[in-house]
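Undergrad: need a structure here:
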Amino acid sequence: MSDYRYQFCLLGKTGPFEKDVRDFIEDQISSLGLNNKHIEILIENDVEKRNRKAPCAAIFFGYEGADAETHQELDQLIDDSLLIVPVVGDLKKFSKLTPQKLSRYNAVPNPNDYKRACINVLEHFRLLRSERRLFISYKRDESTSIAH
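TA: All right, here's what the predicted structure looks like:
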């Protein structure tokens with residue numbers, strides 16, 4: 001599994017959040033006992049270079065005047081039916097803060113709550129501890145205490 005990568009795209013106005021998002025994702029990945037080579041964080045200009053065979057999801061940080069022309073890589077992500085989590089400052093201004101093509105997506109209403117958006121992506125990848133499942137096969141008489 002060392003060559004397997006999950007891809008996490010950061011789009012939109014990521015500037016003030018990029019380092020915090022990277023740190024949070026890396027902490028979550030390491031808490032699962034994985035290392036950073038299991039996840040690749042791509043910024044907007046690198047999205048077209050992504051491995052289309054690997055799982056991928058994106059967070060779009062909204063900003064005033066965001067438009068489809070500036071964010072053409074969204075077309076590819078949407079065509080591939082990938083999870084995209086818009087993060088906006090005000091849900092009432094959603095259409096002004098994101099390209100129209102994101103209008104069908106549910107948004108996180110506070111940019112400072114980027115962790116919530118990251119958790120949505122990690123849940124999508126099934127990379128949260130609460131989502132990890134384990135099946136233990138045991139003979140009831142001899143191994144009940146170990147299984148518990």
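Undergrad: for the closest residue to N110 other than its chain neighbours, helix, strand, or coil?
TA: Nearest in space to N110, with sequence neighbours left out and distances taken as C-beta to C-beta, 6 or more residues apart in numbering, is G89 at 7.0 Å. Placement of C-beta: from N, CA and C, glycine included. Using DSSP: H, G, I helix; E, B strand; the rest coil as the criterion, the local structure at G89 reads coil.
Undergrad: got the phi/psi numbers for G89?
TA: phi -80, psi -30 (degrees, to the nearest 10).
Undergrad: Can you tell me how far it is from L82?
TA: Per C-beta to C-beta, to the nearest Å, G89 is found 23 Å from L82.
Undergrad: Pull the distance from the helix or strand F24 falls within to the chain's centre.
TA: Using DSSP states H and E, F24 falls within helix 18-31. The gap between where helix 18-31 is centred and where its chain is centred comes out at 11 Å by C-alpha atoms, centre = their mean, to the nearest Å.
Undergrad: now the helices: where do they sit in the protein?
TA: Secondary structure of the chain (DSSP state H): helices at 18-31, 73-79, 94-97, 114-124, 140-147.
Undergrad: quick one: which of those helices is nearest I59?
TA: Taking C-beta to C-beta as the criterion, I59 comes closest to helix 114-124 out of these, the separation being 4.8 Å.
Undergrad: taking the mean pLDDT, what do you get for the closest one?
TA: Per-region confidence: helix 114-124 scores 89 on mean pLDDT.
Undergrad: ok, and what's touching that helix?
TA: 8, 17, 20-21, 24-25, 28, 57-59, 61, 83, 85, 87, 108, 128, 131 (C-beta atoms under 8 Å, 6 or more residues apart in numbering).
Undergrad: Tell me the buried residues in that helix?
TA: Of the residues in helix 114-124, those buried under the neighbour-count criterion (16 or more other C-beta atoms under 10 Å) are Y114, A117, C118, I119, N120, V121, L122, H124.
Undergrad: now stretch 45-54
TA: Of the residues in stretch 45-54, those with enough neighbours to count as buried (16+ other C-beta under 10 Å) are V47, R50.
Undergrad: end-to-end on that stretch?
TA: Using C-alpha to C-alpha, to the nearest Å, the gap from the first to the last residue of stretch 45-54 comes to 18 Å.
Undergrad: Residue ranges in the protein under the pLDDT threshold?
TA: Within the chain, the stretches with pLDDT under 70 are 1-4, 129-148.
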